[in-house]
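[1] Sequence and computational prediction follow.
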Number of protein chains: 2
Amino acid sequence: MLTERQLLILRAIIDDYIQTAQPVGSRTLSKRDDLSFSSATIRNDMADLEDLGLIEKPHTSAGRIPSEIGYRYYVDHLVETKIIDERETYHLGERLRASAQESEVLIRQAADLLSDLTNYTTVALGPNSQMNRLARIDLMPLDERRGVVLIVTDQGHVEHRTVVFESPMAPDLVEQTIRFLNDRLKGTPLGQLKFRIGEEVSNLRLAHQEQFEFMMQLIQSTVGVQHPASLYLGGKKNIFNQPEFQTLDTLRPFLEWIDEQERLTDWLESLPNREIYVSIGSENGIVALQNCSVITSDYTLDGQTFGTIAMIGPTRMDYRHGVQMMGQIIEALRRTKLEE
Amino acid sequence: MLTERQLLILRAIIDDYIQTAQPVGSRTLSKRDDLSFSSATIRNDMADLEDLGLIEKPHTSAGRIPSEIGYRYYVDHLVETKIIDERETYHLGERLRASAQESEVLIRQAADLLSDLTNYTTVALGPNSQMNRLARIDLMPLDERRGVVLIVTDQGHVEHRTVVFESPMAPDLVEQTIRFLNDRLKGTPLGQLKFRIGEEVSNLRLAHQEQFEFMMQLIQSTVGVQHPASLYLGGKKNIFNQPEFQTLDTLRPFLEWIDEQERLTDWLESLPNREIYVSIGSENGIVALQNCSVITSDYTLDGQTFGTIAMIGPTRMDYRHGVQMMGQIIEALRRTKLEE
DNA sequence: ATTAGCACTCATATTTACTGAGTGCTAATC
DNA sequence: GATTAGCACTCAGTAAATATGAGTGCTAAT
């Protein structure tokens, strides 16, 4: 169990290190106003903290830096979560609202905003359209053999794909098909669309059966394409200002990792479903993020569950401020109404 | 005027430097099979080439490196452009065709392919939709006050935007409006759409005039949004393997520049309209590309003018190979038919 | 015109010594 | 018993001192 003073010292070391990125020595600490002990006393406590694995030294004659365990302790015990500053939240809400009623634009803005506030990199995952329900499907002919399949969901999300038919489309057949699809499939979650179309088709015989089936098959293959959820990156540049990323060895893996959209999406989707979750250094299990910490949170927009937002900084990140800003942003998003 | 031998030496220096990224000395050159002169002779010629500004030395006791003027000379006189290897082009065409009939996917693939072939970074600008002509416009209601404006062009390109009305939409008014818009505007280039709608509206009075005008205004503001042409980046990672980008000072400006989508688009659009164009170092007038050269080309797809593709490498890039691959790719694209 | 020879230059690597911020331990002090 | 002063020790980082060697330009011989 930590004594009051040890706690004070641990906190001071981490706060100091977060600011300076330099190992913190006992003499530096003893000069602080809130630590009126001699450097020797502090050294003794530091030795204890090191025995507990909370801090460590890069080499014999250096000061101490927090270990991952130390950060963990700091985050769990010394950072107060979820203090919503009403005025601030309102202010952020205003900045978001100013932008758009289009949810995708809004998410992008939120990601940018969060990275501006913290100077870390942010990643936001938009809603997974697989959960959206079909509002309408349509096939717009471009010329006699090409057309665009349009799928609009209840959330205003649009997917489209160009299709090419073997032979010229018969206008009445197209109309018939589309009406049929709309009648039967309205309200179907996009994820089930492909399956449902197959189901419906087998239930039915029509006049131009052969052409009809071909068309259905085409549409079916089209809607089956898994469109990845939209992904937004904010403040990628910020990484360049972090002292721990001033060498290629550290910078390169990070940049390569963050540019890999697909992997990034998978990662965000695999995160535990919580309000605000902090994952420190090796905890997040990604080699490229060994020296990073991540603050993630699911967010809701206009009341509905929506997606995930993550903030990525060095392990030496300002957890207090980061957690607070993340809280404000998701609160601001929750309160944002999509319609004016 | 350069002597035969000087030409040989210049070529050798550049070829060598392109490979090794190290200054080339006279002794190294004299050991080459194609240069059977003593190092002293070569030194004399090198001095002449330096007087002409074609090569330079980083410092007194180093070998020579090509100057920008040297590269320019090399590109203009020593690189044979446009040698299409039929088999190779066919092969590339196959690799592209395998991917899709969707033009946007195809362009992305072409960018990736080109960067794979050369190990440089590529940027491809898709067609500017402003030139596309309206095939159909539609408004799909989501609920009584929200709807999605859909714009489909003759090229199968789709734009959409969610709009929110002040009051519930009257179905017949919507239908009337949309029919009106389609009748009058089919075939209008997207870029002129906003203006044309305003024009049409002022020509017309309708029953529910007030609501109608409001709706039109909304649609007008929607179609007026300048959607940037689609931009694809290939092989961004490749830069990490270039020896001249192993320090943050050189790497950072490049990465920051290449991540700025909007600026990148403007730049590509501003490039001179040619088949294959090489721009060396400071020639391209962009600070972040001081140490880079760019091979650009407009490309056509399925016969139609389409967009621009660019390949970015260090000034010390393999111009011969780069130009050749660029030629192959745009040729392969030209021959690609969009429909199966 | 070409080449051998040589003095000279200068980036780079290696060695060496020095500095100073930090530690751990011990003995004195509160 | 807890705190602190004192001191020997460690070690990264810097700076100066010293090779090393790849390259040059010039001159005189071929």
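    In hand now; what should we look at?

[2] use CA for all of it now, contacts and neighbours both
    OK.

[3] residue ranges of the strands in the stretch 51-200 of chain A, please?
    Secondary structure of the stretch 51-200 of chain A, counting by DSSP state E, counting those that start in this stretch: strands at A:55-56, A:65-66, A:121-125, A:134-141, A:146-153, A:158-164.

[4] Would the first one count as contacting DNA strand C?
    No - for a cut-off given as Cα under 7 Å from any atom of the strand, strand A:55-56 has no contacts with DNA strand C; the smallest distance is 9.1 Å.

[5] do stretch A:216-225 and chain B meet at all?
    No - residues of stretch A:216-225 contacting chain B under Cα under 8 Å from any Cα of the partner chain: none, with a closest distance of 11.7 Å.

[6] again with stretch A:234-251
    Yes - taking Cα under 8 Å from any Cα as the criterion, stretch A:234-251 and chain B are in contact, through A:237, A:240, A:246, A:247, A:248.

[7] Buried members of those into PyMOL, please.
    A single PyMOL command suffices to select whichever of the residues of stretch A:234-251 next to chain B are buried according to 16 or more other Cα atoms under 10 Å in any protein chain shown:
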select buried, chain A and resi 237+248
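
[8] tell me which residues in the helix or strand of chain A with the lowest mean pLDDT are buried?
    Ranked by mean pLDDT, DSSP states H and E, the weakest helix or strand in chain A is helix A:209-223, scoring a mean of 71. The neighbour-count check on helix A:209-223 (16+ other Cα under 10 Å) flags A:211, A:212, A:213, A:215, A:216, A:218, A:219, A:220, A:222, A:223 as buried.

[9] Could you check how far the last one is from DNA strand C?
    The one in question is residue A:223. With distances defined as Cα to the nearest atom of the strand, to the nearest Å, the gap from residue A:223 to DNA strand C amounts to 58 Å.

[10] for the stretch 1-150 of chain A, which spans come out with low pLDDT?
    When residues are selected by pLDDT under 70, those of the stretch 1-150 of chain A lie in A:82, A:98-101.

[11] Show me which residues of it are close to DNA strand C?
    Within the stretch 1-150 of chain A, the positions lying close to DNA strand C (Cα under 7 Å from any atom of the strand) are A:23-28, A:40, A:43-44, A:46-47, A:60-64.

[12] Residue ranges of each domain in chain A, please.
    The record assigns chain A these domain ranges, following automatic domain parsing: A:4-78, A:94-128+A:230-335, A:130-223.

[13] Stretch A:105-125 near chain B at all?
    No - interface with chain B: stretch A:105-125 contributes nothing (Cα under 8 Å from any Cα), its closest point being 10.9 Å away.

[14] And the contacts of that stretch?
    The set of residues that contact stretch A:105-125 without belonging to it, under Cα atoms under 8 Å, 6 or more residues apart in numbering or on different chains, is A:96-97, A:99-100, A:126, A:229-239, A:265, A:268, A:307-313, A:321-322, A:325-326, A:329.

[15] If you count neighbours, what's buried in it?
    A:106-115, A:118-125.

[16] From residue B:62, how far out is the nearest residue to residue A:236 once chain neighbours are set aside?
    If the residues on either side of it in the chain are set aside, residue A:236 comes closest to residue A:121, at 5.2 Å by Cα to Cα, 6 or more residues apart in numbering or on different chains. Spatial separation of residue A:121 from residue B:62 under the definition Cα to Cα, to the nearest Å is 42 Å.

[17] buried subset of the residues of the stretch 1-150 of chain A next to DNA strand C?
    In these, burial by neighbour count holds for A:23, A:24, A:25, A:26, A:43, A:46, A:63, A:64, counting by 16+ other Cα under 10 Å.

[18] now do the same end-to-end measure for stretch A:117-132.
    31 Å.

[19] just stretch A:261-279 next, same as before
    20 Å.

[20] So which bits of that stretch are buried?
    In terms of neighbour count (16+ other Cα under 10 Å), stretch A:261-279 has its buried residues at A:264, A:265, A:268, A:269, A:276, A:277, A:278, A:279.

[21] okay, the second one: pLDDT?
    We note a pLDDT of 91 for residue A:265 in this prediction.

[22] Over to it. Which of the three states is it?
    On the three-state scheme (DSSP: H, G, I helix; E, B strand; the rest coil), residue A:265 is labelled helix.
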